[in-house]
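>>> What follows is a predicted structure for the sequence shown.
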Protein chains: 2
Amino acid sequence: MTNDHSGKALQLYSTVKKEGILEISLADVPIPEPQDDEVVVRVEASPINPSDLGLLFGPADMSTVQVSGTADHPVVTARIPPRLMQAVAGRVDQPMPVGNEGAGVVVKAGVSTLAQALMGKTVALFGGAMYAQFRAIKADQCLVLPDGTTPAEGASCFVNPLTVLGMVGTMRLEGHTALVHTAAASNLGQMLNNVCMQENIGLVNIVRRREHIDLLKALGARHVCNSSAETFMDELTAALVETGATLAFDAIGGGKQAGQILTCMEMAANKTAIGYSRYGSTIHKQVYIYGGLDRSPTEITRNFGMAWGIGGWLLTAFLRQIGPEAAQKLRERVAAEIKTTFASHYTRTVSLAEALQLDAISVYSKQATGEKYLMNPNQGVA
Amino acid sequence: MTNDHSGKALQLYSTVKKEGILEISLADVPIPEPQDDEVVVRVEASPINPSDLGLLFGPADMSTVQVSGTADHPVVTARIPPRLMQAVAGRVDQPMPVGNEGAGVVVKAGVSTLAQALMGKTVALFGGAMYAQFRAIKADQCLVLPDGTTPAEGASCFVNPLTVLGMVGTMRLEGHTALVHTAAASNLGQMLNNVCMQENIGLVNIVRRREHIDLLKALGARHVCNSSAETFMDELTAALVETGATLAFDAIGGGKQAGQILTCMEMAANKTAIGYSRYGSTIHKQVYIYGGLDRSPTEITRNFGMAWGIGGWLLTAFLRQIGPEAAQKLRERVAAEIKTTFASHYTRTVSLAEALQLDAISVYSKQATGEKYLMNPNQGVA
């Protein structure tokens, strides 16, 4: 391994500079040595998730992206609109490592029994700083993948699969019985569809393009509504009546759709209501925004009574809520079903340097369904 | 009593007609006879609350209000925009009685001991249909006012006082320690300020006009922010740092203010945070919308992390949550402090017929702070 010899390896950093510039670059950092209870993993696959893009590009204006530097060490810069600097005040001038999750092979191990037992294993990791050739991590934080699983297959064991299981868990904890999901043709949406089919949970999928209806129907989805259709509100209401869904998870955030879902939930509730209540139905209707595909303001026309809520939803908060034992059970389920229920699909695999080229950025930064990239920090390394 | 002789009394009704017209009129209805466990109250005071206006005028376009009929039996009509008919589909062509609360004197009583014990007493009532000369009600639903309390003084024992106590109760139930309140110079806002001062709870009052700052300061309020001031966001953030308030009750609903409060709460949280978290502070920030002074859409710029919620808040839901015993304790506290902590102020007292004249409607329908009307359905009746 070239970089082993030099003792240096590449690590990606994103920095918000106080002048209002975002800079992404590759640093040459020492290959870490493991502590007694740690292992060092050669990261061979790490997805570019929407949640990574938030840290990677921050609130930068993507129309101002420029690439300079060299082929091996490209430097990406972009301007941050002054009014958005407030939101990132806490990270100014601090180089931030990026990459929530990944998978790779354990190449060094500390002296502890647990660490030693992992030597040579393919493991999945969560915890940031995965856009790097090597990552030191506590041995007990590694999720060992079943034999015959490649790092690429195991790269997305945490963010999407646990989010899906978290949605279903939140549904049960808060007394709902069925779900609505937006941007539903995504990798995450397909996993949610798989889990809901397995567990016989009513799921209303909302997509934005005609072809995504067919994609989800082919996967067995029963309710798919196209938000671009003129009949959207009627179709959504009918699906809500049929499923009884009063909880939605929304990946989009901005615009009118979160409010429209509440409006349709209220119409569905009133179809079975007796008499008029000036405060609307008493059934609590909830939308959790877990993503921000549309960064524009959320616009809510309040025509759905008083029993409603919209709020943020974060996987880490859910995992804290259920506690470490329950969380570990979810992880083990994901590992066991990583090639089936929780399989991910990528358009292209890129190296760290390739990920910082304009052609790649212009594709994966769109977060378009069906155009997800996988990073292999060791791609092209002998 | 004139109407006793005829056996008829006036009762106000609001009707949404399927043609898209709202009609408010006074009907001559029989004076009720009490059941064994009921009393009949001569209603002498009933406030015109924002929550009454919702039922009274529904979604009518107030610029189209016309008055016809006679001086004794005026008929108010207004057009309802077609797109808003959906929201009132459940009440079409059903005359709805109006008036959430009021007070008056018990003039007839059923044979039960409890009912008989109330004869001649001044009582406060809740339960709708108070815009009427007489109201039959279960004896155990009457809140007996302390000796020396007039119906006008006891007219607003429920909606505002219990909402205030509900806000403080919700704050405690959900683990917050201080409050934000909008439209804070209102009758309700003044009561909330009284209760927070009594109980040493941090309260950030948000008002929309310069003169309301002085009004609240004169009542002892410590934090008053004017949303019309250019320095609003900075002042609000400073008050949030000082009080630690992470829960707001918003009477306005529409526009940007609910979101601005969350933005300032997040800025306040980050002033004491250590290090940068890409998902914002982990402190849950909540805005409950309990009114709709601004019916326009709620516009939320999501720049406050993921630990946030906005939702509807309804007094009846809170009372259900705490149970009947706890609710009764709150009512008794209100009765005991109705001339002090929970005193209300009205600009003018009108009869039922006067309330349906254009000059009156144009004032009270604005829901402007300091321009609240009291209805006396028996005013001018011998």
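Yes, it's here. This structure is a prediction, so every number in the text was calculated from the model and none was measured.

>>> When you work out contacts or count neighbours from here on, use the C-alpha atoms and nothing else.
Noted.

>>> in a strand, that's where residue A:297 is, yeah?
Yes: assessed with DSSP: H, G, I helix; E, B strand; the rest coil, residue A:297 lies in a strand.

>>> I figured residue A:85 hits residue A:22, correct?
No: look at residue A:85 against residue A:22 with CA atoms under 8 Å: they stay out of range, at 10.5 Å.

>>> who's more crowded, those two?
residue A:22 (24 against 21; other CA atoms under 10 Å in any protein chain shown).

>>> Against chain B, how distant is that one?
15 Å (CA to the nearest CA, to the nearest Å).

>>> Kindly report the same for residue A:260.
Distance, residue A:260 to chain B, using CA to the nearest CA: 12 Å.

>>> List the buried residues in the one helix or strand that residue maps to.
Assessed by DSSP states H and E, residue A:260 sits inside helix A:257-271. Buried positions in helix A:257-271, judged by neighbour count with 16 or more other CA atoms under 10 Å in any protein chain shown: A:257-270.

>>> Mind putting those residues into CSV with pLDDT?
Below are the buried residues of helix A:257-271 laid out as CSV (pLDDT from 0 to 100):
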residue, pLDDT
A:257, 97
A:258, 97
A:259, 97
A:260, 97
A:261, 98
A:262, 98
A:263, 96
A:264, 97
A:265, 97
A:266, 94
A:267, 92
A:268, 94
A:269, 92
A:270, 87
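
>>> from what I can see residue A:363 touches residue A:370, true?
No: Residue A:363 lies out of contact with residue A:370 (CA under 8 Å); the separation is 10.6 Å.

>>> and the residue lying closest to residue A:45 once chain neighbours are set aside, how many neighbours?
Once flanking residues are discounted, residue A:45 sits nearest to residue A:376: 4.5 Å by CA to CA, 6 or more residues apart in numbering or on different chains. Counted by other CA under 10 Å, the residues lying close to residue A:376 total 30.

>>> same thing with the one 5 residues further on?
Residue A:381 is surrounded by 11 other residues when neighbours are defined as other CA under 10 Å.

>>> That one: which element?
Using DSSP H and E, residue A:381 falls outside every helix and strand.

>>> What is the helix holding residue A:260 packed up against?
If contacts are counted by 3 or more CA pairs under 8 Å, 6 or more residues apart in numbering or on different chains; DSSP states H and E, helix A:257-271 sits against helix A:232-243, strand A:285-289, strand A:294-300.

>>> Can you give the contact residues for it?
Contact partners of helix A:257-271, identified using CA atoms under 8 Å, 6 or more residues apart in numbering or on different chains, comprise A:233-234, A:236-238, A:240-241, A:245-246, A:248, A:250, A:280-281, A:283, A:285-287, A:298-305, A:308, A:310.

>>> now it and strand A:285-289, what's the angle there?
Here the directions of helix A:257-271 and strand A:285-289 differ by 160 degrees (axes from the mean of the first three to the mean of the last three CA atoms, to 10 degrees).

>>> so which of the helices and strands packed on helix A:257-271 gets nearest residue A:154?
strand A:285-289 (26.4 Å; CA to CA).

>>> what's next to the closest one, contact-wise?
Here strand A:285-289 has contacts from A:246-253, A:258, A:261-262, A:265-266, A:307-313, using CA under 8 Å, 6+ apart.

>>> Also stretch A:80-99?
Here stretch A:80-99 has contacts from A:11-18, A:20-22, A:46-48, A:52, A:55-56, A:58-61, A:128-131, B:270, B:275-277, B:303-304, using CA under 8 Å, 6+ apart.

>>> now do 7 Å
For stretch A:80-99, contacts defined as CA atoms under 7 Å, 6 or more residues apart in numbering or on different chains pick out A:12-18, A:20-22, A:46, A:52, A:55-56, A:59-61, A:128-131, B:275-276, B:303.

>>> and that stretch, which residues are buried?
Buried positions in stretch A:80-99, judged by neighbour count with 16+ other CA under 10 Å: A:80, A:85, A:87-88, A:90-93, A:95-99.

>>> May I see the residues you listed arranged in JSON lines, with distance to residue A:343 as well?
What follows is the buried residues of stretch A:80-99, written out as JSON lines (distance: CA to CA, whole Å):
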{"residue": "A:80", "distance to residue A:343": "35"}
{"residue": "A:85", "distance to residue A:343": "37"}
{"residue": "A:87", "distance to residue A:343": "34"}
{"residue": "A:88", "distance to residue A:343": "34"}
{"residue": "A:90", "distance to residue A:343": "35"}
{"residue": "A:91", "distance to residue A:343": "34"}
{"residue": "A:92", "distance to residue A:343": "37"}
{"residue": "A:93", "distance to residue A:343": "37"}
{"residue": "A:95", "distance to residue A:343": "32"}
{"residue": "A:96", "distance to residue A:343": "29"}
{"residue": "A:97", "distance to residue A:343": "26"}
{"residue": "A:98", "distance to residue A:343": "23"}
{"residue": "A:99", "distance to residue A:343": "19"}
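
>>> Could you work out the most separated pair of those?
Spanning the widest gap among those are A:85 and A:99, at 22.1 Å by CA to CA.

>>> least confident pick among the buried residues of stretch A:80-99?
Among those, residue A:87 carries the lowest pLDDT, at 79.

>>> So, low pLDDT: which residues of chain A?
For chain A, the stretches with pLDDT under 70 are A:1-6, A:273-276, A:382.

>>> Alongside chain B, which residues does it contribute?
Listed as neighbours of chain B in chain A under the rule CA under 7 Å from any CA of the partner chain: A:55, A:87, A:90-91, A:275-276, A:278, A:296-303, A:306-314.

>>> Give me the three-state assignment for the residue of the stretch 51-200 of chain A found nearest chain B.
Nearest to chain B in the stretch 51-200 of chain A, going by CA to the nearest CA, is residue A:90, at a distance of 4.7 Å. Taking three-state DSSP as the rule, one finds residue A:90 in the helix state.

>>> quick one, what contacts residue A:192?
Taking CA under 7 Å, 6+ apart, we find residue A:192 in contact with residue A:164.

>>> Can you report how many residues lie near residue A:175?
Around residue A:175 there are 11 residues (other CA under 10 Å).

>>> my read is it is in a helix, agree?
No: counting by three-state DSSP, residue A:175 is not found in a helix; it is coil.

>>> any chance you could map the helices in chain A?
A:2-6, A:50-57, A:113-117, A:151-154, A:159-173, A:187-199, A:210-218, A:232-243, A:257-271, A:315-322, A:324-336, A:352-355, A:358-364 (DSSP state H).

>>> Buried residues in the fifth one, which are they?
Along helix A:159-173, the positions that meet the burial threshold by neighbour count (16+ other CA under 10 Å) are A:159-168, A:170-171.

>>> circling back: next one: the residue nearest to residue A:45 from chain B, what distance?
Distance from residue A:376 to chain B, counting by CA to the nearest CA: 24 Å.
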